[in-house]
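Colleague: Task: produce atomic coordinates for the following.
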Amino acid sequence: MAQRPVLIASTARDPFVSELVRILQSEGWEVRALHTIGAVQRAVRKEQPALVVLDVMLPGGDALSLCQQWKSDPATAETPVFFFSVLMARDRCVEAGADGFMLKPSEQEQLLEQLREILNSRVTRLHRRAK
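Modeller: Below you'll find the model as predicted:
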């Protein structure tokens, strides 16, 4: 089975995200950068990603509401969602069902450690489920 991609959604010219994409790709993850709510919504349904990383302020809609929709839908409820933001929105993200939150700009290694933890736990869980 092919590895499921990591989807990262933010504004089109976010250097924080460009660096995150580069690092995750260097670790062997297929990473897709998306720039609107609509694009990430379609990709989640179609690709069943290993992880979705969203900017709270994603253009084109309400990323928190989108997370709530995914978490209440059996088809996407198990998809881990990690938010980042320049705003302190941790409580709102947790209420929306997020699996993690990080303020940006943040220490890059701390962010990567959290994403790796989510990715590794999901890969293990999905692998066990397939047996």
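Colleague: Show me the strands in this protein, by range?
Modeller: With DSSP state E as the criterion, the chain has strands at 6-9, 31-34, 51-55, 81-85, 100-103.
Colleague: Show me what the first one pairs with in its sheet, parallel or antiparallel.
Modeller: According to DSSP bridges, strand 6-9 forms sheet pairs with strand 31-34 (parallel), strand 51-55 (parallel).
Colleague: Any chance of the ones you listed in JSON lines with mean neighbour count as columns?
Modeller: For glycine as for every other residue, the C-beta is placed from the backbone atoms N, C-alpha and C. JSON lines is the format used below for these (neighbours: other C-beta atoms under 10 Å):
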{"stretch": "strand 31-34", "mean neighbour count": "18"}
{"stretch": "strand 51-55", "mean neighbour count": "25"}
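Colleague: mind giving me a markdown table with those and columns for distance to residue 11 and mean pLDDT?
Modeller: Shown next, in a markdown table, are the strands paired with strand 6-9 (distance: least, C-beta to C-beta, whole Å; pLDDT from 0 to 100):
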| stretch | distance to residue 11 | mean pLDDT |
| --- | --- | --- |
| strand 31-34 | 10 | 92 |
| strand 51-55 | 7 | 91 |
